[in-house]
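In: Got a predicted structure here, sequence first:
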Amino acid sequence: MKATEKFSLLHATLKDIFKDYNDNSMKTSAYIIIAIGWILTSDTARAFLALQGKQQSLIFFLSLTAVAIIAIIHSIVSFGFYQRSQKKMRMLLKLNEVEAESFDNYQISLSHLVASLAANLFLFAILFVMILALKNI
């Protein structure tokens, strides 16, 4: 494969990774906000999660566990996007045709990863605490 073909393929892949990462991050934020809104506005949801008894305790526990597991999975997936982006950047730079700054718009930087993870993990924490608080009502 010629260097120009490698460059085009790597550049397109880097753009796709960046697009998919942002899409994943924004959709996750939206779903968490919807879940938070659902708990805030639905008396039925709050009452269901706050019920006492074995069956409801299991549902309560599973709800908290699901939020924690989804937060962990989201973090792992986000880090995977970051690693793939960094690998493609290294491959592009090995072609010695362009400067790294040429790809800043499509590279997932560490600061970008940390910022989006911090925002989403904060939302996950809010959701977790909201569900946890329902048990004490």
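Out: Yep, it's here.
In: From the chain's centroid, how far away is the helix or strand bottoming out on mean pLDDT in the chain?
Out: For the chain, using mean pLDDT, DSSP states H and E, the weakest element among its helices and strands is helix 43-50, scoring a mean of 82. Shown here is helix 43-50, whose average C-alpha point lies 27 Å from the average C-alpha point of the whole chain (C-alpha atoms, centre = their mean, to the nearest Å).
In: contacting residues around that helix?
Out: Helix 43-50 has contacts (C-beta atoms under 8 Å, 6 or more residues apart in numbering) with 38-39, 56, 59-60, 63, 131, 134-135, 137. For glycine as for every other residue, the C-beta is placed from the backbone atoms N, C-alpha and C.
In: any idea of the angle the helix or strand following that helix forms with helix 43-50?
Out: Once the chain leaves helix 43-50, the next helix or strand it forms, by DSSP states H and E, is helix 54-94. When axes from the mean of the first three to the mean of the last three C-alpha atoms, to 10 degrees is applied, the directions of helix 54-94 and helix 43-50 differ by 100 degrees.
In: In the least confident helix or strand of the chain, which residues are buried?
Out: Judged by neighbour count (16 or more other C-beta atoms under 10 Å), helix 43-50 contains these buried residues: 46, 49.
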